[in-house]
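In: Sequence and predicted structure are below.
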Amino acid sequence: MEAMYAFFMDKAGMGQAGAHVTVAAIMATLMFIVMALCALVFTWMERKVAAFLQSRWGPMRTGRWQGWAQAVADMLKILGKEDIIPAEADKALFIFAPLLVLLGSLLAWAAIPWAPGFVAADLDLGLFYIFAVSSMVIIGILMAGWASNNKWALYGAARGAAQMVSYEIPLALAAIPVVMYTGSLNTQDIVIAQQGGIWNWFIFRNPFLFVSFFLYFVASIAETNRGPFDMPETESELVAGYHTEYTGMRFAFFFLSEYANLFLVSMIAVLLFLGGWWAPIPGLDFLPAALTFVIKGVLMVFLNMWVRWTLPRVRVDQLMHLCWKVMIPAALICTVGAGLWMMASGAAG
Amino acid sequence: MVQYFADMVQAVGSALQGMGITIKHIWTRPVTLQFPEERQVMPERFRGFVHNDMAKCDACNICAKLCPVDCIYIVTEGKGKDRLMTRYAIDYNKCIWCSLCTENCHTGSITMSHDYDHSVYDRRSLVYEFMDPNVAKIPCHRQTRIEQGWWVEPKDDKDEGGKGDDA
Amino acid sequence: MDHKAIFDLLAERIGAGAIAFHEDPIEPWAEIAVGRIAEACLFLRDDPRLAFDQLMCLSGLDWDGYDENGKGKSVAILGYQDDGTPEPGDRTATGDLGVAYHLYSHSLRHKFTLRVRMPRDRNVVPTVSGVWPTASWHEREAWDLVGIRFGGHPDLRRMLLEEDWVGHPLRKDYVMPGSWSGVPLQGQPFSENPFAPAAPAPAGGDTPAEG
Amino acid sequence: MAIEATNGKKGWGDQDQVPGIKSELLELNMGPQHPATHGVLRLLLHTDGEIVYKVTPVLGYLHRCAEKIAEGVDYKQWVVYTDRFDYLAPMTCNHTYVTAVEKLGGIEVPARAEHLRIATAELSRVASHLIALATFGLDMGAWTPLLYCFREREEILNLLERISGGRMLYNYMVPGGVRYDLPRDNWVADVLEFVTMMEKKKLPDYNTLLTYNKIFIERTSDVGIITREDAFAYGCTGPVLRGSGVKWDCRRDDPYSLYHKFDFEIPVGMGEMGTVGDCWDRYIVRVREIEQSCRLIRQALEQLPEGPYQSIELKKPVRVPAGAAFTRTETAKGELGHYIVADGGQKPFRNKVRSCSMCNLQVLEKIGVGLMVSDLVATVGSLDIVLGEIDR
C-alpha cells in the first residue's frame, strides 16, 4: 500500500489527493473483481460440497475437471435471462434493492486485511466500520421484499429484517472480547496481536474467547441468511422469500452478495479469532500471508456449508428466542468473563 | 434453568453428531451415475418402450383392445384369408407401460423393450409407425400361430427391440 | 356385534325408518329411509352398545341401468366416438341415486353398512357431517361427482372439479361437455394418427426399429 | 374474499385493533405450485403475520376421475390405474384393489402369491415412508436426509423393478395372484440384504441426522397436535391415527391377506418429545414402521412357500358376481378402501375409492388454525399426503 502511494505520488506525480483517489479506485476495482470471483468459486464449491455430503457428484459436465466451469456457465446463463419487473412492483425500489444489498457487502470488504499492510481502507475503526456497513444489506432486503409486491417476498423481507437486526447484536458482542484483548478496532492491529503460532490465536487464548468464536460463528450464519437460519428465503415455506420476483442480473446481485457476505463473515472470523494471515505453525510461514488468510477463510466457508447442508431450519420465533435469550446473554457473559480472565492473567495493557 | 442448559448442550451435541454423519459421506464414493456414460443395467423384466415385431404380428387386435389408454392403432382391410394390415402404430404419448398388451399377445410379437430414454423435438414423433413405409400392406394370415406362455422371459436382451439396456 | 342385532337395535330406535335388512353373505347392509339417515347415524355413533366412531366410507351411487339379474348387462357408460368426440347423450337416466355409509367401531370392532336410495329428482339426503366431521368432504365429493345434495351441509361446494363445471361425472348419463371456460375438452380421434402428417421414424438404432 | 378483521369483533390476534383503521387478514395462496405442498395441493390461508387463522385446502388439480374410468375398463385393466393413486407406494394400492376384487369375486389366492404380495407391498411401504421422512425433513429445511432417503428408495425401486418390471408403477398384482413369480436371479437374498442394511445402518443414520436433532425436535414437537378424538372424528388412519396414540393397524386388527400369520408390532405415538399426536409422533411412527416392515419382509420371504403364484388364468377376464362390498387395507398413507358395486360382468358398476390421504388432510382445517406458517408446513408434511390419491 505504502509502495503504491509512493508510486503514484512520486513517480506519476499526482500529489497526495490524486494518489489517494487512484489507489482507492484500484483497490475498489480489485475488491469487486475478487468478490465476483469469490461468488463464482463459492457457488461451485457450495454445489460440490453439498453434492459430496449427499453422496452425489454435483456438476460434472461443464469444464473438464469436476464441472469447475459450471458457475461461469450459470453466470452467463443468468445474464441472458429475461429481466422481469412485476407490473405492480415499485419500480425504483425494485431496481435499487439489489444494488444496495451488493453495496453493503462490497463496502465491508474494504477493511479486510489480506496481508500486512495490504488493506483497502486501513481504518482505525475498521471492525466497527465492517459491522456498520454490512447492516445496509438489511435495508436492501426489506426494500426488495416490499417493492416486489408479493406476499411471500414481504414475509421473507419482514423475517429477514427481524433476524438480521437481532443478530447484529450477538455478532458484535462476540467480537468485543477480541477488541478488549487487542485494545484496538483496527483490523490489522487485531491480526498482529495474534502473531506467532496457533496458541496465540484468540480462539485458544481462553475458554471465553472460544465460546465467543462459537457465538460469532452461529450469529454469522444468521447474518448471512444461510441454513439453518435462512429465514428470509425458507424455500420450503416462502417459495424463495424476498427474491421471489427477481430474475436475471438482479437476482444474480442477490446471489453475488450472499456469497460475498459468506466469505466476508468467514474472513472476519479468521481475522478475529483464527490468527488472520499468520500461519498456524511456524513451519508453514513460507506461504504468502494473503494465501494463508484466504485458505483459512475458505475453510471457514466450508464449515459454514457443512452446517448448512446438515441441519434443519429453525422456526422464526425460535430464531428470535435463540438470539435474545441464549446468544446475547452468553455473549455478555463471555465479554465479562474474558475481561476478568484478562485482568487475572495480567494481560491487560 | 437446568433444562435451559440441557437444551443448549443437546442442540450443539446433536448438531455435531449430524455433521459427523454427513462428513462421512465426503469420503465415500457417490452413488449416483453419470447417466449417458454410465448406465444402470436394466433387469430382464424391465418394461421399456413397446416394440412390435411385424414379422410375427397377425393383427388380431387383442393388444389394441386390452390397452387401457387406447394407444395402439391397428387398421386392416378385408376379411378372412385376404385380411391385410395397413397400419400398426403405437402412440408413446399415451402408452403407460403397463404390459397388458404383451402378456396377452398370442403370437409373441409385441414385447416390452429395454429402451427407456428417448427424446424427440416434436411430440408427433412419438407416434411410431411400425409398418415398413415401402410395403403398404401386410397379409395378416400368413403365419402359423405360436403357442407359448403369456409371458416369455427374454433370453437375450439384445434381441428385444432397442439396444439401450446396457452400455 | 352381529349385523342383524345391530339392525334390530336400529329398527327399535327409528322404527319404520329402517326399511329392510339384506343378509348379503359378503357384506350385509341395511336400507334406511332417506329422511332418517342422520338420526340413524347419530344413534349408531352414540349408543354405547354400538359406538360406531368411524365413518370408513361414504359413497354416492347412481343406480341407473343397474342389471338386477347379475348378468353384467348394466347400461354402459357413455364413451367416445371414433372421431374423438363424446358419444351423444340423448339417453335419459331414470334410475335411483343412492348413498352407502360404511361404519366401523374401533372400540367394539364391528362394521355396519347403511344404504339410502332416493329417486333421481329428489336427490337430497340429510347430512351426517355433524355426526362425523369426516363426512363433510366425502359428501362434498359425492355432490361433486354424483350430484347428491346433502341437506344441512355447512359447505357444499364442488371439491374435485371446478366450481362452474357442468354436470356430475359419475352419473351414468353424464356427457362430457365440449368445452369448459373456453378450453376445448374433446379427446383426440382414436382411429387415426392424431398428429398429421405422419411422423418420420427417427434415425438411429436407439428406437424400436421399423417392422 | 377478504375477511374484515373489524367485523364486530375486538381483533383477530393478540394485539388490539387500532380504532378507525380497517385491517384485514392477509390472504395467501399456498400452492398449487409451492415447494411444501407435496404435489399440487392448494391451501388458501388467512393469516395475521405469521399466525394462520384459517386454512382451506383446495383440491382437484390432479383429478383424473379414475372412478369413471373404472366403470369403463375391466377389473384387471384397472389395476394399472390403482398404481396411479399413491404413486409413492403403488404396491399397497394394488394390494387393496386386488383384495377387494377377490373378496367380492370369491377368488382364492395361493399362499406364495400372498407372500410375494406382502413382501412387495411392505417394500413399497418402506419406500413411501422414506419419502415421507425425506420430504418432511425437507419441509424443515434439512436437505441432506432427503438425498439419503432417496438413495435407499432407489435401492427399493431397483428391487421392485427386478420383480415387476416397472420402476414406479408396477402393475404387479392381479386378482388371483401376482403377475410374475420371483425373477431368475437371487432376488430374495438381495432383498434380505437390503432389509438388514436398512435396519442396521441406515435407520440409525437417519435418527442421528434428523430424528433426534434438537432443531428438528423443536420444530416438530407440540406442533399440529391431533387428539385421539379428532383422529377418530375426522377418519384419520394410518400413521396419522397411530401418531395420536391409537394402537390400530388394519393389518393386525382387521386382517386381510396373510398378515395375521406374521409377527410385527404396531408403533404408536407416545408423546416422547411433547404431546401425543404432534408432528414428531407422526414422524417417529413412520420411522418405527419402517423397522416393522423390514421384519415383515424378512418373514414373508424366509417363509416363502412353493406352489403356484396365480389361481386364475391371466388371459381370461375376471368376472365378479353381482354384489357390493367395501374393502379396506392398510397402505402406506392410511386405510385405502374400495367400495365395489359389481353387476356380474367384467367391469365394475361403481368403484368408489375411499382415499386415506383425503381424510388425513381434512383434519388440517381444524388443527391448522392458530399455527404459524412454518408450523403449517410442518403439519402438512407430517400428514404425508399424496395428491394422486386425494384427487384420484
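Out: Okay, I see it.
In: from chain B, which residue is nearest to chain C?
Out: Residue nearest to chain C within chain B: B:Met54 (2.4 Å; C-beta to the nearest C-beta). Glycine gets a C-beta too; all of them are placed from N, C-alpha and C.
In: Is C:Ala30 in a helix, a strand, or coil?
Out: Secondary structure, DSSP: H, G, I helix; E, B strand; the rest coil: C:Ala30 is strand.
In: Go ahead and confirm D:Leu147 touches A:Arg56.
Out: Yes: contact criterion C-beta atoms under 8 Å: D:Leu147 and A:Arg56 qualify, at 6.5 Å.
In: and the residue of chain B closest to chain C, how many neighbours does it have?
Out: 18 (other C-beta atoms under 10 Å in any protein chain shown).
In: Which strand or helix spans it?
Out: Here B:Met54, judged by DSSP states H and E, is contained in no helix and no strand.
In: Only C-alpha atoms, please: export stretch A:194-204 in PDB.
Out: What follows is stretch A:194-204 as a C-alpha-only set of coordinates in PDB (Å, rounded to 0.1, in the frame of the first residue of the first chain):
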ATOM      1  CA  GLN A 194      -2.300 -12.800  17.300                       C
ATOM      2  CA  GLN A 195       1.200 -13.300  15.900                       C
ATOM      3  CA  GLY A 196       3.100 -16.500  16.400                       C
ATOM      4  CA  GLY A 197       1.500 -19.900  16.100                       C
ATOM      5  CA  ILE A 198      -1.800 -21.400  16.700                       C
ATOM      6  CA  TRP A 199      -1.700 -21.000  20.500                       C
ATOM      7  CA  ASN A 200      -1.600 -17.200  20.100                       C
ATOM      8  CA  TRP A 201      -4.800 -17.100  18.200                       C
ATOM      9  CA  PHE A 202      -7.600 -15.500  20.100                       C
ATOM     10  CA  ILE A 203      -9.800 -18.600  19.800                       C
ATOM     11  CA  PHE A 204      -7.400 -20.500  22.000                       C
END
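In: quick one: that stretch to chain centroid distance?
Out: 22 Å (C-alpha atoms, centre = their mean, to the nearest Å).
In: So which residues on chain A come close to chain D?
Out: Counting by C-beta under 8 Å from any C-beta of the partner chain, chain A comes close to chain D at A:50, A:53-56, A:151-152, A:155, A:227-228, A:230, A:234-239, A:309-318.
In: now those: which count as buried?
Out: Buried members of the residues of chain A next to chain D, scored by 16 or more other C-beta atoms under 10 Å in any protein chain shown, are A:50, A:53-56, A:151-152, A:155, A:227-228, A:230, A:234-239, A:309-316.
In: Which of those fall in strands?
Out: Assignment to strands by DSSP state E places none of those there.
In: Among these, name the ones in helices.
Out: By the criterion of DSSP state H, membership of these in helices covers A:50, A:53, A:151-152, A:155, A:316.
In: of all those, which comes closest to chain B?
Out: Using C-beta to the nearest C-beta, A:Leu53 comes nearest to chain B of those, at 4.5 Å.
In: mind checking which helix or strand D:Arg350 is in?
Out: Using DSSP H and E, D:Arg350 falls within strand D:348-354.
In: next SSE after that strand?
Out: Per DSSP H and E, the helix or strand that comes after strand D:348-354 is helix D:356-362.
In: helices or strands up against that following helix?
Out: helix C:135-145, strand D:335-342, helix D:373-383, helix D:387-391 (3 or more C-beta pairs under 8 Å, 6 or more residues apart in numbering or on different chains; DSSP states H and E).
In: With chain C as the reference, measure out to the nearest residue to A:Leu100 once chain neighbours are set aside.
Out: Closest residue to A:Leu100 apart from its sequence neighbours, by C-beta to C-beta, 6 or more residues apart in numbering or on different chains: A:Gly140 at 3.7 Å. Distance from A:Gly140 to chain C, counting by C-beta to the nearest C-beta, to the nearest Å: 42 Å.
In: Let me know whether A:Gly140 touches A:Ser105 as I believe.
Out: No: shown here, A:Gly140 and A:Ser105 do not form a contact pair, counting by C-beta under 8 Å, at 9.5 Å.
In: got any residues that touch both of these two?
Out: In terms of C-beta atoms under 8 Å, 6 or more residues apart in numbering or on different chains, A:Gly140 and A:Ser105 are both contacted by the residues A:Ser257.
In: and the gap between D:Ser382 and D:Thr135?
Out: 10 Å (C-beta to C-beta, to the nearest Å).
In: Which one of the two is surrounded by more residues?
Out: Applying other C-beta under 10 Å to D:Ser382 and D:Thr135 shows that D:Ser382 carries more neighbours, namely 27 against 22.
In: ok, now which ones touch the more buried one?
Out: D:Ser382 makes contact with D:136, D:220, D:224, D:240, D:243, D:279, D:282-283 under the criterion C-beta under 8 Å, 6+ apart.
In: For it, which non-adjacent residue is spatially closest?
Out: D:Cys279 (3.9 Å).
In: Please give me every residue in contact with that neighbour.
Out: D:136, D:219-221, D:223-224, D:378-379, D:381-382.
In: got these as CSV, with pLDDT columns?
Out: Below are those laid out as CSV (pLDDT from 0 to 100):
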residue, pLDDT
D:Phe136, 89
D:Arg219, 86
D:Thr220, 87
D:Ser221, 85
D:Val223, 86
D:Gly224, 84
D:Ala378, 87
D:Thr379, 88
D:Gly381, 86
D:Ser382, 87
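In: For chain C, see how far away the residue in chain D that chain A sits nearest to is.
Out: With C-beta to the nearest C-beta, the shortest gap between chain D and chain A falls at D:Gly141, namely 2.8 Å. Here the criterion is C-beta to the nearest C-beta. By it, D:Gly141 lies 31 Å from chain C.
In: Just say helix, strand or coil for the most centrally placed residue in chain D.
Out: Nearest residue to the geometric centre of chain D (C-alpha atoms, centre = their mean): D:Lys333, 1.7 Å. What three-state DSSP gives for D:Lys333 is coil.
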